[in-house]
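Undergrad: here are the coordinates; sequence isn't available:
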């Protein structure tokens, strides 16, 4: 809790910087707009202005700087413009009962969230199974681990279009499955690494104790190794769910998807509506925050019930 | 059918060999530790080749590794042009600018405990966000050439490196800092001789995360507009014009470059943190 004031201060600083940057970023389109509506601008003509620095333009046209804060298609929108746009596409539409319309960000967030959760489930399962195989078999450990590391140095975006082409040809309709595969690809690795560590975390004396109880391999796995690995698992799940969201959005970006937050960014780019891009970006950030908080809460409750001291 | 069975037989044979190697007394030698994953990777390629040929998969869907290798060898000039555009111009420059900016910011912020406490949670959060989404905005601001790609990379690598460096700078304990005080060392001497070296493992951790991010950023940014060269450009147009083998060659290049970049940073890390307990072994 003692971090609240510093965090708020830094956030306020960042918002202030953002707000201040709007003026120089938007001065050119603002002056173009003023000139079109018959105002006087120094120097005249947008071609002449191209070689003049933005600071010079702002000094010479002090009266028109404010226009930059209220453009319809700004190069850099103000924080309040983004906030209004987000409210317009979420809360306001929900109040009108159109929360699931194709223009509402709630709908697109849901599409992204669904793929993220599927990818998260798939990636976590692969990660845990892989970790079990690596813990129990020397061959798998030696042949799989190096490739798991190499797989993360491959830029997944290069593969993303191919995953979609292949899954389309195999007869999978829609983009849900390929998106989930891409997000699973990003999300399995942290889980795998942590679980290998976690499953190996019981001390030899603890394993020996189970042997004196005449416990079978399965019993020592379910009663000792797995519970001991849970703190490691939860730590990696927090990284994993954020990675899964990144994966889903990467999967939506370059592939011509039509719904989902990544698709909103893509469409906003094609139709030249920067406000749509910015509000989709912030929505993705909110979604990431919610997901991580959710996993964090589950972690606290589970670990406390199991008797771990946090 | 023979291809399918052959591939399966090879797979089982290779797995048996690997199992023997892993359980043999030599399994800890360097040669064996490299051979096992290599053999495993080769098996996957053989399996892929066998499946594609055995099931008669069309080349437009999934070309076989041998075909990809042929295309790779035949179009090295195109691939090289793309690597220069995407990696050397876009990703590497962005990586350097972003890393230096994050490093300097971290050292400046570190002087204020208040700012550090405020920035760490935010930085950690931002580092987990899908920042790639700003690619279209930055392409809009900086134009189609490498400058916009470098800008995307700068933003993407900045926060992971910043957060790790700030955390690393807090790594020294009171005892070590007190020792520097008894030597009458000033702020900069303490920074250079104690705190920066102690932070190095963390800095390199951030740099290693950033290598992959740099390539992802440079490639995604090209999907939103680029001159008629570059890996992202080639991939997106290749998918459209059904030159799937060229796309796979490009993917192979990106995998090689990604691994090489990561390996290079890891090598430098090994050279610079040889004193660290985890390396002395």
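TA: Great, that's in hand. This structure is a prediction, so every number in the text was calculated from the model and none was measured.

Undergrad: contacting residues around stretch B:176-185?
TA: B:189, B:190, B:193, B:194, B:198 (C-beta atoms under 8 Å, 6 or more residues apart in numbering or on different chains). Quick note: C-beta positions are derived from backbone N, CA and C, even for glycine.

Undergrad: can we see that at 10 Å?
TA: B:172, B:186, B:187, B:189, B:190, B:191, B:192, B:193, B:194, B:195, B:198 (C-beta atoms under 10 Å, 6 or more residues apart in numbering or on different chains).

Undergrad: What of stretch A:94-108?
TA: By C-beta under 10 Å, 6+ apart, stretch A:94-108 touches A:85-93, A:110, A:252, A:258-265, A:267, A:276, A:279-280, A:282-284, A:286.

Undergrad: Also within reach of chain B: list those from the residues you listed.
TA: Restricting the contacts of stretch A:94-108 to those adjacent to chain B (criterion: C-beta under 10 Å from any C-beta of the partner chain) gives A:252, A:261, A:262, A:264, A:265, A:280, A:282, A:284.

Undergrad: Max pairwise distance over these: which two?
TA: Farthest pair in these (C-beta to C-beta) is A:252 and A:282. Separation: 16.2 Å.

Undergrad: the more surrounded of these two?
TA: Remark: of residue A:252 and residue A:282, residue A:252 carries more neighbours, 29 against 19, as counted by other C-beta atoms under 10 Å in any protein chain shown.

Undergrad: Give me the three-state assignment for the more buried one.
TA: helix (DSSP: H, G, I helix; E, B strand; the rest coil).

Undergrad: Spit out the contact partners of the residue in chain B that chain A sits nearest to.
TA: Closest residue of chain B to chain A, C-beta to the nearest C-beta: residue B:118 (3.1 Å). Residues near residue B:118 by C-beta under 10 Å, 6+ apart: A:3-14, B:109, B:112.

Undergrad: want to try TSV for the residues you listed, with neighbour count, distance to residue A:79 and pLDDT as columns?
TA: Shown next, in TSV, are the contacts of residue B:118 (neighbours: other C-beta atoms under 10 Å in any protein chain shown; distance: C-beta to C-beta, whole Å; pLDDT from 0 to 100):
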residue	neighbour count	distance to residue A:79	pLDDT
A:3	12	22	79
A:4	11	20	85
A:5	12	20	88
A:6	20	20	87
A:7	16	17	88
A:8	11	15	90
A:9	15	16	88
A:10	21	15	87
A:11	13	11	89
A:12	11	11	91
A:13	13	13	90
A:14	15	10	89
B:109	21	22	89
B:112	12	24	85
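
Undergrad: what's the most distant pair in the residues you listed?
TA: Farthest-apart pair in the contacts of residue B:118 is A:4 and B:109; separation 18.2 Å (C-beta to C-beta).

Undergrad: picking up where we left off before, quick check: mean pLDDT across the one helix or strand the residue of chain B closest to chain A maps to?
TA: Element membership for residue B:118, per DSSP states H and E: helix B:113-127. Here helix B:113-127 scores 86 as its mean pLDDT.

Undergrad: And it, what's buried?
TA: By 16 or more other C-beta atoms under 10 Å in any protein chain shown, the buried positions in helix B:113-127 come out as B:115, B:116, B:117, B:118, B:119, B:120, B:122, B:123, B:124, B:125, B:126, B:127.

Undergrad: Can you name the element that comes right after it?
TA: As assigned by DSSP H and E, the chain's next helix or strand after helix B:113-127 is helix B:135-142.

Undergrad: Name the residues that touch that next one?
TA: By C-beta under 10 Å, 6+ apart, helix B:135-142 touches A:25, A:75-76, A:253-254, A:265-266, A:268-270, A:272, A:274, A:277-278, A:281, B:134, B:145, B:147-156, B:216-226, B:232.

Undergrad: Off-centre distance for whatever helix or strand comes next after that helix?
TA: Using DSSP H and E, the helix or strand that follows helix B:135-142 in sequence is helix B:146-169. The chain centroid and the centroid of helix B:146-169 are separated by 13 Å under C-alpha atoms, centre = their mean, to the nearest Å.

Undergrad: if you average pLDDT over helix B:146-169, what comes out?
TA: 91.

Undergrad: Now do that helix and helix B:135-142, the angle between them.
TA: 120 degrees (axes from the mean of the first three to the mean of the last three C-alpha atoms, to 10 degrees).

Undergrad: interface residues of the stretch 51-200 of chain A facing chain B?
TA: So the stretch 51-200 of chain A meets chain B at A:75-76, A:112, A:137-162, A:164-166, A:168-170, A:186 (C-beta under 10 Å from any C-beta).

Undergrad: which one is the residue of chain B closest to chain A nearest to, not counting chain neighbours?
TA: residue A:6 (3.1 Å; C-beta to C-beta, 6 or more residues apart in numbering or on different chains).

Undergrad: what's the following helix or strand after the host helix or strand of that neighbour?
TA: Using DSSP H and E, the secondary-structure element containing residue A:6 is helix A:4-36. Using DSSP H and E, the next helix or strand after helix A:4-36 towards the C-terminus is helix A:46-49.

Undergrad: if we can go back for a sec, please indicate which of the contacts of stretch A:94-108 are buried?
TA: Among these, those scoring as buried are A:85-86, A:89-90, A:93, A:110, A:252, A:259-265, A:267, A:276, A:279-280, A:282-284 (criterion: 16+ other C-beta under 10 Å).

Undergrad: Touching, the residue nearest to residue B:118 and residue B:121? I think so.
TA: Yes - counting by C-beta atoms under 10 Å, residue A:6 does reach residue B:121; the two are 8.6 Å apart.

Undergrad: All the helices of the stretch 151-300 of chain A, in order from the start?
TA: For the stretch 151-300 of chain A, the helices defined by DSSP state H, counting those that start in this stretch occupy A:156-170, A:176-199, A:204-212, A:217-220, A:226-252, A:261-270, A:274-306.

Undergrad: ditto for the stretch 1-150 of chain B
TA: So, for the stretch 1-150 of chain B - with DSSP H, counting those that start in this stretch - the helices run B:2-23, B:30-54, B:65-74, B:76-83, B:93-110, B:113-127, B:135-142, B:146-169.

Undergrad: Which residue lies closest in space to residue A:18, excluding its sequence neighbours?
TA: That would be residue A:79: by C-beta to C-beta, 6+ apart, it lies 5.9 Å from residue A:18.

Undergrad: Tell me how many other residues crowd that neighbour.
TA: Per other C-beta under 10 Å, the neighbour tally for residue A:79 reads 15.

Undergrad: what's near enough to touch it?
TA: A:14, A:15, A:16, A:18, A:19, A:22, A:278, A:282.

Undergrad: And the pLDDT for it?
TA: You'll see residue A:79 listed with a pLDDT of 88.

Undergrad: circling back to that earlier point, which one of the contacts of stretch B:176-185 has the most neighbours?
TA: residue B:195 leads the contacts of stretch B:176-185 on contacts (other C-beta under 10 Å) with 20 neighbours.

Undergrad: That residue against residue B:107, yeah?
TA: Yes - counting by C-beta under 10 Å, residue B:195 touches residue B:107, with 9.2 Å between them.

Undergrad: Overlap in contacts, those two.
TA: With C-beta under 10 Å, 6+ apart, residue B:195 and residue B:107 have common neighbours residue B:169.

Undergrad: got any ranges where the stretch 151-281 of chain B has weak pLDDT?
TA: B:279-281 (pLDDT under 70).
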